[in-house]
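[1] Need coordinates for the following:
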Amino acid sequence: MSGWIAVAGLGPGDDALVTPEVQASLDQATDVIGYIPYVARVAPRDGLTLHPSDNRVELDRASHALRLAAEGRRVVVVSSGDPGVFAMASALFEALEAGPRDWLTLDIRILPGITAMLAAAARLGAPLGHDFCAINLSDNLKPWTLIEQRLRLAAQAGFAMGFYNPRSKSRPHQFARALEILREECGGERLISFARDVTKAGEVLRTVTLAEATPEMADMRTVVILGNADTRRVGRFVYTPRRAG
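    Residues are numbered from 1 along each chain as shown. Below you'll find the predicted structure:
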């Protein structure tokens, strides 16, 4: 049996948003590896072994997947959203780079998924209709000083921005600081949207101005989207025009 690895994005939550390509890989897999809540989304079946693991063990998870594939297993490493956006694809290649050379010949596929940021934008309207960037506000893998610098420069460049992991119990103060920086650079009238549990039963969407935004509007289940200077409301929607002067 020839082994392979697929690093697959399960999308933002609704099973209807899992791509047919990803579902086909899950149907063929002998093993599924991933963070506990993501593996829980995969239905058990005969011939399939599920390997759930805790958060922050991405490299161990990736190395495990590579070892299984080298043994001839068909392995799917699952992420939420898209595996290449703050997720497991990069961790897999980091483990591949550090591993034995024979891993380089493995059949490795990265299967895209719908990111939470894009799902949130679609629910809101089209707030990412012009140039935009995505910033992970967690400082687990980079210093907070770098995050502050990127926030300022992105704001000065006029980008709309999507923010992942805005506020956790271990760092509740940092999103408040991010809002301060954005108000300093953008003023108080810029529209900012909070999308919690996008595509899930408890979905909540809220759009306010930066002046009205508070840290408590976000948590780790929230994607935050800041518009650019031209972002506006039209009825119940928020959109950013395609043209910029």
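
[2] okay, CA-based contacts and neighbour counts for the rest of this
    Fine.

[3] Give me the residue ranges of this structure where confidence is low.
    Applying pLDDT under 70 to the chain flags residues 1.

[4] which residues touch stretch 92-112?
    Stretch 92-112 is contacted by residues 3-9, 21-22, 59, 62-63, 66, 69-70, 82-84, 89 when judged by Cα atoms under 8 Å, 6 or more residues apart in numbering.

[5] Could you tell me how far that stretch lies from the centre of the chain?
    Offset of stretch 92-112 from its chain centre (Cα atoms, centre = their mean, to the nearest Å): 21 Å.

[6] Determine how far the last residue of it lies from the first.
    15 Å (Cα to Cα, to the nearest Å).

[7] State the distance from W144 to D102.
    Here W144 is placed at a distance of 37 Å from D102 (Cα to Cα).

[8] Look at those two and report which has more neighbours.
    W144 (14 against 9; other Cα atoms under 10 Å).

[9] For R177, see how far away that one is.
    10 Å.

[10] surely R183 meets L210?
    Yes. In this structure R183 lies within contact range of L210 using Cα atoms under 8 Å: 6.4 Å.

[11] Wait, C133 touches G158, no?
    No. Shown here, C133 and G158 do not form a contact pair, counting by Cα under 8 Å, at 10.1 Å.

[12] Neighbour count: the two, which is higher?
    G158 (17 against 12).

[13] Count the neighbours of the residue lying closest to that one once chain neighbours are set aside for me.
    Nearest residue to G158, sequence neighbours excluded (Cα to Cα, 6 or more residues apart in numbering): N228, at 5.9 Å. Number of residues near N228 (other Cα under 10 Å) recorded here: 26.

[14] Next: A160.
    25.

[15] any idea how far it lies from A126?
    Using Cα to Cα, A160 is found at 11 Å from A126.

[16] T30 now?
    For T30 relative to A126 (Cα to Cα), the value is 39 Å.

[17] And for I147?
    According to Cα to Cα, I147 stands 25 Å off from A126.

[18] and if you look at R236?
    Taking Cα to Cα, one finds R236 at 12 Å from A126.

[19] how many other residues sit next to T231?
    By other Cα under 10 Å, 21 other residues sit near T231.

[20] I meant to write D54 there.
    Using other Cα under 10 Å, D54 is surrounded by 11 other residues.

[21] If anything else comes up later, I'll come back, but that's it for now.
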